[in-house]
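1. Here is my input; please provide its structure:
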Amino acid sequence: MYEVTAETPLSMEDLERKKKFDRLQKLMDRCVSSAYTNYVDSIYRKKEFLELKQAKSMLQQESMHRTDELSRLYLSYPAISCVEAYYEEKELLWESTFYESLTREEKAQWMDFNPLDFDFAKYSAEPTFYNDRLPLFSFLIEAIVLEKCAVYLKKEIDFLIMATPMAPNSIVINEIHTPKTNERKEEKKVVGKANIFHSTLTTEQIEILTNCINEAQVFTTSITIQNLTNFFNGKLEGVLVSNNNRLLAYLMSQLSARNYITNEWQSVIASQQLVLGKAKEKPLTRTDLSSANDSARPEPKGSEIIDKYIKQLKKG
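-> Numbering: from 1, shown residues only. Reported below is the predicted structural model:
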């Protein structure tokens with residue numbers, strides 16, 4: 001919406017609008033995070049009961065449904081069509097053309113709304129509850145969530161396609177030696193490693209993250225590169241104890257947002273019981289992690305350390 005540079009300082013009016021947008025953006029972020037997390041968790045639970053081929057088919061159907069819903073939204077409400085280009089933008093309200101696409105009356109309603117009046121419980125029960133006071137609010141949130149879900153589904157489908165065994169050529173089958181009854185079948189050792197987080201992190205990036213986690217004190221103990229490697233492979237000999245759930249959630253969400261790990265990281269940590277809570281020393285649940293992720297704004301203390309190392313990952 002506006003390009004903020006040192007050469008073009010904001011006017012007082014724009015500064016006030018920017019402050020209001022920042023507060024409204026936090027409301028939007030919470031709504032998006034909650035809906036997106038619930039969707040990813042539901043997909044994760046469905047996949048647990050499906051074979052590889054069935055899971056891929058289910059994800060493909062979901063992807064088509066989400067695409068259809070997005071098309072319907074953009075056709076019905078042209079003002080939110082900017083979401084397609086800006087859904088990853090942290091300051092979507094400020095940077096996108098959404099606000100400028102509203103009518104004068106609708107703009108006034110957005111500027112007059114007091115964020116302190118927003119009741120998340122009422123919104124959760126009925127997403128359109130605030131649309132009279134914040135025009136198109138629920139549709140804006142829905143579009144952002146659907147765009148994020150579409151990216152998530154594509155990534156999951158691509159992962160399953162890569163994981164699907166190739167069908168052997170019939171000629172090759174004929175050349176396979178069939179052992180006689182008195183011959184012992186040679187046992188095949190499964191090679192490779194588990195990748196429960198769908199991690200794309202390299203060895204160098206794992207090292208950078210290890211330093212990050214130790215400096216930020218994400219866990220109650222210092223960890224080694226091997227510890228973190230085992231963590232992402234689901235092969236920890238023991239468990240880690242979270243020193244700050246909000247900081248842990250912030251780290252994992254930052255990795256997920258950059259496609260270093262799966263968007264289902266909350267479900268993976270919970271199902272594998274990889275991390276204990278510091279207070280009760282019980283395995284963190286999806287609810288624990290979801291709540292921590294929702295409350296990770298404003299950024300928790302120590303997030304600046306994580307931000308510093310996340311930037312280094314691109315060089316790793």
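2. Count the neighbours of residue 280 for me.
-> Neighbour count of residue 280, defined by other C-beta atoms under 10 Å: 9. Heads up, the C-betas are built off the backbone N, CA and C, glycines and all.
3. Next up, phi/psi of it, please.
-> Phi and psi for residue 280, reported as degrees, to the nearest 10, are phi -100, psi -10.
4. what's the answer for residue 271, then?
-> phi -70, psi -30.
5. From residue 242, how far out is it?
-> Here residue 271 is placed at a distance of 16 Å from residue 242 (C-beta to C-beta, to the nearest Å).
6. Between these two, point out the one with more neighbours.
-> residue 242 (23 against 17).
7. contacting residues for the more buried one?
-> Counting by C-beta atoms under 8 Å, 6 or more residues apart in numbering, residue 242 touches 218-220, 248, 275-278, 284.
8. what's the answer for residue 196, then?
-> Taking C-beta under 8 Å, 6+ apart, we find residue 196 in contact with 232-234, 268, 272.
9. Let me have those in a markdown table, adding distance to residue 118 as columns.
-> Formatted as a markdown table, the contacts of residue 196 follow (distance: C-beta to C-beta, whole Å):
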| residue | distance to residue 118 |
| --- | --- |
| 232 | 37 |
| 233 | 41 |
| 234 | 39 |
| 268 | 31 |
| 272 | 35 |
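10. Put together a markdown table for the residues you listed, with pLDDT on each row.
-> Compiled in a markdown table, the contacts of residue 196 are given as follows (pLDDT from 0 to 100):
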| residue | pLDDT |
| --- | --- |
| 232 | 91 |
| 233 | 87 |
| 234 | 83 |
| 268 | 86 |
| 272 | 84 |
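11. Most neighbours among these, which one?
-> Going by other C-beta under 10 Å, residue 232 tops those with 24 neighbours.
12. Any chance you could list what contacts the helix or strand hosting that one?
-> Assigned by DSSP states H and E, residue 232 belongs to helix 225-233. If you take C-beta under 8 Å, 6+ apart as the criterion, helix 225-233 is touched by 193-197, 199, 201, 203, 206-207, 209-210, 213, 223, 236-237, 240, 261, 274.
13. again, 10 Å this time
-> Identification of contacts with helix 225-233 by C-beta atoms under 10 Å, 6 or more residues apart in numbering yields 193-199, 201, 203, 206-214, 219, 221, 223-224, 235-240, 255, 260-261, 265, 268-269, 272, 274-275.
14. Just the buried ones from the residues you listed?
-> 196-199, 201, 206-210, 212-214, 219, 223, 236, 239-240, 255, 260-261, 265, 268-269, 272, 274-275 (16 or more other C-beta atoms under 10 Å).
15. Thought residue 257 was touching residue 33, still the case?
-> No: at 11.1 Å, residue 33 does not count as touching residue 257 under the criterion of C-beta atoms under 10 Å.
16. Going by neighbour count, list what's buried in the helix holding residue 232.
-> 227-232.
17. Check which helices and strands the next helix-or-strand element following that helix sits against.
-> Following helix 225-233 in sequence order, the next helix or strand is strand 240-241 (DSSP H and E). In terms of contacts (3 or more C-beta pairs under 10 Å, 6 or more residues apart in numbering; DSSP states H and E), strand 240-241 is packed against helix 225-233, strand 275-276.
18. who does strand 240-241 pair up with?
-> Partners of strand 240-241 in the sheet, by DSSP bridges, are strand 275-276 (parallel).
19. first to last residue in stretch 291-306, what's the distance?
-> 20 Å (C-alpha to C-alpha, to the nearest Å).
20. quick one: average pLDDT of that stretch?
-> Taken as a whole, stretch 291-306 has a mean pLDDT of 79.
21. Please apply the same query to stretch 139-149.
-> Here the average pLDDT along stretch 139-149 is 95.
22. what about dumping the CA coordinates of that stretch to CSV?
-> C-alpha atoms of stretch 139-149 as CSV (Å, rounded to 0.1, in the frame of the first residue of the first chain):
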residue,chain,number,x,y,z
PHE,A,139,-13.6,-13.5,3.9
LEU,A,140,-10.2,-11.9,4.0
ILE,A,141,-9.1,-14.4,6.7
GLU,A,142,-10.6,-17.3,4.8
ALA,A,143,-8.7,-16.3,1.7
ILE,A,144,-5.4,-16.1,3.5
VAL,A,145,-6.0,-19.5,5.2
LEU,A,146,-7.0,-21.1,1.9
GLU,A,147,-3.8,-19.8,0.1
LYS,A,148,-1.7,-21.2,2.9
CYS,A,149,-3.5,-24.5,2.8
